[in-house]
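>>> what's the 3D shape of this:
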Amino acid sequence: MLCRAVIWAGIQVCILTFQAFLVLMMLAGWFWRSYEVAELCFEIKIRKNKMDKIKQLERKLNEAKNKFGLVGAKPAKVQEFDDADYNISASINPYDWGIQVTLKTGYNPIQDIRQQVYARLKKIEDGLEKVVIQLGSGHEVAHWELPFGSEKGCPFNTYNHDKIVEAVKNSLPEDKKQHADYVANLFEDTIINPRVKEYFGDFSGHVLFWDWEGLRTEKQTGQKGFTPLYEAFVKVNMHLFGDRIDKVFLKRHYTKNEKVEKVVERIVENCNFSENIQDTTPLFDKSQWSIIAENYAKAISDLLDEMPKERLSAYDSGQNKNSEGQEGRQQKQQAGNGVEQKVQTKEGKEEIAYGRYSNREGQSPNIESFEQLDALYQRLAKDIPVKVEAITRENSMEISPLNYRAFDYEKDNPLKIKTSKFFFNEDGFNFAYPNQPLTINYNQKIQRKSFPDFKMVLIDNSGSMKEGLNGDNGNTNFIPFGDKSKYHFALLGYYGIENFLQKQGIAPYINHGVSLFSNKTRFKKGNYNDLIKTRKLLFEPNWSVTNLDAKILKDALDGEQSFFLSISDGAISNWSSEKLKIKKLVEQNYYAHVQLGSETEMTRDLKSWGMPVFYVNSGEDLSKLMVDITKNAYHPFVQEANKQ
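Sure, this is the predicted structure:
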C-alpha cells in the first residue's frame, strides 16, 4: 500500500510539474509575443519619426527655395535610402528648378566629440537641417543666383561658364588641360561660397560636409588628411569667409604641406581675394571672372597631379567611386548645379553663341564651330517677325444636360441612360435620359499632312556673297563671312523659314533640303530628323564662280512636290546652257526667286515664264522676304485644311 501511495504521489507530482511547465511555456509565449509586438511598435514609431523628419526637411527646403525666389519651381524633394552611396547628395534642375536631396539612412552630421563641440560653439540645433538647407539648396542655387534677382551667382549662365572654362584651359599646362572643367568648378565654388555665407549668415553646414568628406576619404584610403588640391581649395575658402571656429575645426584634415601653403598664398595674392570678406559684391563683377580664373588656374595647376577623392559639394557625380589608381584621370562630370547639363542643350548653346556674338567675341574653343553657328542663327531667326495661322476645326461638345426625361426605347441611345435617376409615369418605372444638353463650341487643332512634300532652298555661295550689299561685310569675329554679308542674311532667312515651319506645325511632316551653287552645285536633304545634318552644308561655302548645274538640282528635287526658293546676287555664268532644264524644274514646283541687286538674264527669263521674282537691296529685307514668301506659299494649304 505504501509503495502504491508513493507511486501515486510521484505521478501527481509529475502531472503538477508538467502543468506548471505548460503554464510557464504559455507565459513565455505570451511574453515573447508581447516583446515582438512592442518591438514592432517601436520600429513603426522609429519609421514614422524618420518619415516625419524627412517631411519636415522637405518643408524647410521648400520654404528656403521660395525665399530664393523660386516660388513657381518644382517642389523640392528629400529621399532617404539604406544603400545610398554618400551621406548626402544634391542637385538642381535648371529647367524646372527642382531640387533633389538624397540622404543615407541614419545620417547625422554631428557625431564625434569634435563635431559636437563645433555644433555647440556654432549654436547648431539641427545639424542635418543645416547641411541640407545650406548645401543641398543654397550652394547649388548660388551657381545661378542667390536669391534670384540679385545677380549674385557664378557662373550665372552658360555663357559665363563657357568663358571661365576657356580662361582656365588657356592657363593650364598642356598635360593638364583635361582638368579644365574641374578647375572651373573649383573656381566657381570659390566665388559663390562666400555668398552662401553672406546670405545665410553662417556656413557651418558646408564646413560639416567638408569634415565628413575628409573622414570618408580617410576611411576608404587609409590616408589621413585632405588630398593637396582639396586642402588648398578649402583653405582659400576659409581665407575668404571662415571664422576662427571653422578654421580650428577643420585643422584635423590639414597636412602642413608646404606646396599647398604656397599655392594658397599665390591664389590669394594673384586673385586679390580679401580675407574675411563682408560684402561679396566685388566677387560678382563678371567682366573680371576670366582674368581671375586664369590666375586661379595657374596657381593651382601645381596640385593637379593628384586629383581629389573628396567631393567639392553634395553632387553625386560618381567621380570618387573606385578611385584607387585613378589619380590624374580626367574628371569631366556634370555638376549638381545643372550648368554642365545645360551647356549640352540647344538652349545652352544658343546662350553661349549669342553671348559671344553680341559681345563681338570669337567662337568658343569648347564647342564645335558648326554647333555654335547653327545655335546662333536659330537664336537670331527668332527676331524675324512670324505670324502663324491656327489649323483648327470648329466642333461642338455636350457638357451636361439641363434636365432629364423618361427613356424612349425606340429612339434613344441606351448608352446615354442615367442609371442613378429613375422616372415613374403612366407607363410605370423607367430610366432617366438626358434632355436639353448644354453645348459649347470649341476649336480642335488638326494637322494636315498634304503640304508640298519638300522644301528646298537654293543659295548662291560664290565669292561675291561674302560681301555686304553696301560693300561692308560686318564683323567677322564670330561669323567668319561677316554679319553684314549677303550670305549671312541669306542664312538668316533660311533659319527664319525653318522657324516659321516649326511654329506652323508643318516641319515634322515634310522633307527638307538645301543646295549651294558656285563652281559646283551641291545639295543635302532628309526628313525632319535629319535637319541638323542638312544644315551643315550651309557652313561649307567655297566662294568661287557662279555656275548652276540643272542635273544636280533635278536629282535633288526628283519625285518631290516641292516648295523651291532660290537666292542669288548676280548673273549665272552658264545660264544659257542650263535655263531650259531649269524652266522645266521650276514649272513643276512652287517656286520663287530672290535677287540681290539689279536685274539679270536669269531674272528676265524667270519673269517671262511667269515665275515670281523679288528684288531686294538690304540684308534685313532679304531675311524677312524669304520668310514671307514661304508663308504665302503654304498659306493656301493651311486655308484648305481649315475648310475640311
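>>> Low-confidence regions, the stretch 401-550 of the chain specifically.
Scanning the stretch 401-550 of the chain for pLDDT under 70 picks out the ranges 401-403, 409, 419-420, 422-429, 436-452.
>>> mind listing the strands for it?
418-425, 428-445, 454-460, 511-517, 521-526 (DSSP state E, counting those that start in this stretch).
>>> export the fourth one as PDB, just CAs?
Written as PDB, here are the backbone C-alpha positions of strand 511-517 (Å, rounded to 0.1, in the frame of the first residue of the first chain):
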ATOM      1  CA  ASN A 511      11.400  66.700 -96.100                       C
ATOM      2  CA  HIS A 512      14.000  69.400 -96.000                       C
ATOM      3  CA  GLY A 513      16.800  70.300 -98.400                       C
ATOM      4  CA  VAL A 514      19.500  72.900 -99.000                       C
ATOM      5  CA  SER A 515      21.600  73.400-102.100                       C
ATOM      6  CA  LEU A 516      24.600  75.700-102.700                       C
ATOM      7  CA  PHE A 517      25.900  76.700-106.100                       C
END
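>>> Packing partners of that strand?
strand 454-460, strand 521-526, helix 531-536, helix 550-557 (3 or more C-beta pairs under 8 Å, 6 or more residues apart in numbering; DSSP states H and E). Quick note: C-beta positions are derived from backbone N, CA and C, even for glycine.
>>> can you check the shortest one too?
Using 3+ C-beta pairs under 8 Å, 6+ apart, the elements in contact with strand 521-526 are strand 454-460, strand 511-517, helix 531-536, helix 550-557.
>>> Could you check the angle the second one makes with helix 550-557?
Taking axes from the mean of the first three to the mean of the last three C-alpha atoms, to 10 degrees, one finds that strand 511-517 is oriented at 160 degrees with respect to helix 550-557.
>>> any residues touching strand 511-517, and which ones?
453-462, 494, 498, 521-528, 530-531, 534-535, 537-538, 540-542, 546-549, 552-553, 556, 560 (C-beta atoms under 8 Å, 6 or more residues apart in numbering).
>>> related to what we said a few turns ago, now, of the helices and strands packed on strand 511-517, which is deepest in the fold?
strand 454-460 (a mean of 23; mean count of other C-beta atoms under 10 Å).
>>> Not counting its own residues, what contacts it?
Here strand 454-460 has contacts from 465, 487, 490-491, 494, 497, 501, 510-518, 523, 525, 538, 546, 553, 556-557, 560-570, 626, 630, using C-beta under 8 Å, 6+ apart.
>>> Go again with 6 Å.
Residues outside strand 454-460 that contact it (C-beta atoms under 6 Å, 6 or more residues apart in numbering) are 490, 494, 510-516, 560, 562-569.
>>> the strands in this structure, which residues?
For the chain, applying DSSP state E gives strands covering 77-81, 88-92, 99-104, 392-406, 418-425, 428-445, 454-460, 511-517, 521-526, 562-568, 590-596, 613-616.
>>> per-residue confidence averaged over the third one?
Taken as a whole, strand 99-104 carries a mean pLDDT of 90.
>>> buried set for that strand?
99-103 (16 or more other C-beta atoms under 10 Å).
>>> want to throw the residues you listed into CSV with distance to Asn413?
Output for the buried residues of strand 99-104, formatted as CSV (distance: C-beta to C-beta, whole Å):
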residue, distance to Asn413
Ile99, 52
Gln100, 50
Val101, 54
Thr102, 54
Leu103, 57
